[in-house]
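J.: please find the sequence and the predicted model below.
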Amino acid sequence: MSESLELDSDLQALGGATAAVAERYVETIRQVASGASPEAAIPLLLLAVSDLTAAGARLGAIVDVVPAARFEPDDGPDPDVEPLRHSLVNLLDGVDEYHEVSDPLVSRDVTDGSLSNDLTDIAQALLVGLNHQRAGNLSEALWWWQFSYLSDWGERAASAGRVLLGLIAHLRLDVDPDVAGEAEFEALHADD
């Protein structure tokens, strides 16, 4: 029996949608890491992470996906994301490290994080699922995306999203008081 027949139409649609978002995320991260548009890097990363977070929420909201096979099929080697990680480290130099509460439900402990590690580890997990999906093992891909979302990349995406939003807020709102005062004065007296 075909695996696609074992999954209902809702799960098939979710698998296709998740694969599309995963592809867009990985492509965006690769483009940003290439350094082609450094001035747009932070906004593009925020858009990619936000889009992915919404897809992850759908995975977290459904009942557990049960793969068709008892054992994970070997759909090829895990992708090597280390070059991507190194490129992101270079690109995000000076804003890569951050602090956060490790688990706000059970602890007040603050841990250190790395935006480049978060973005790369998310890509790694998505690529494993994409390997399964491309090999025709959609139930395994959905199971992997759901499991890895709940156990790892969901938290990493949430952390990365907070950091990226914080960076954009600082870039746009942290204005020198003298510059802000001059702009306000000019705006108020523009019609004089």
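T.: On my side now, so go ahead. Keep in mind that what you see is a predicted model, and the values were worked out from it rather than measured.
J.: residue contacts, the spatially most central residue of the chain?
T.: In the chain, the C-alpha nearest the mean C-alpha coordinate belongs to residue 49, at 3.6 Å (CA atoms, centre = their mean). By CB atoms under 8 Å, 6 or more residues apart in numbering, the contact list for residue 49 reads 25, 119, 122, 157, 160, 161, 164. In this view, the C-beta of every residue, glycine as well, is placed from N, C-alpha and C.
J.: where does the prediction get shaky in the chain?
T.: By pLDDT under 70, the low-scoring segments of the chain are 1-6, 68-69, 71-76, 175, 177, 179-181, 183-185, 187, 189-192.
J.: mind listing the strands for it?
T.: For the chain, applying DSSP state E gives strands covering 97-101, 110-114.
J.: what packs against the last one?
T.: Here strand 110-114 touches strand 97-101, going by 3 or more CB pairs under 8 Å, 6 or more residues apart in numbering; DSSP states H and E.
J.: quick one: strands adjacent to the strand it packs on?
T.: Applying DSSP bridges to the sheet, strand 97-101 is found paired with strand 110-114 (antiparallel).
J.: format the CA atom coordinates belonging to the strand it pairs with as CSV.
T.: C-alpha atoms of strand 110-114 as CSV (Å, rounded to 0.1, in the frame of the first residue of the first chain):
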residue,chain,number,x,y,z
VAL,A,110,19.9,32.2,32.4
THR,A,111,21.8,30.5,29.7
ASP,A,112,23.8,31.7,26.7
GLY,A,113,22.7,31.2,23.2
SER,A,114,24.0,31.7,19.7
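J.: which of the residues in that strand are buried?
T.: Neighbour-count burial for strand 110-114, counted by 16 or more other CB atoms under 10 Å, picks out 113, 114.
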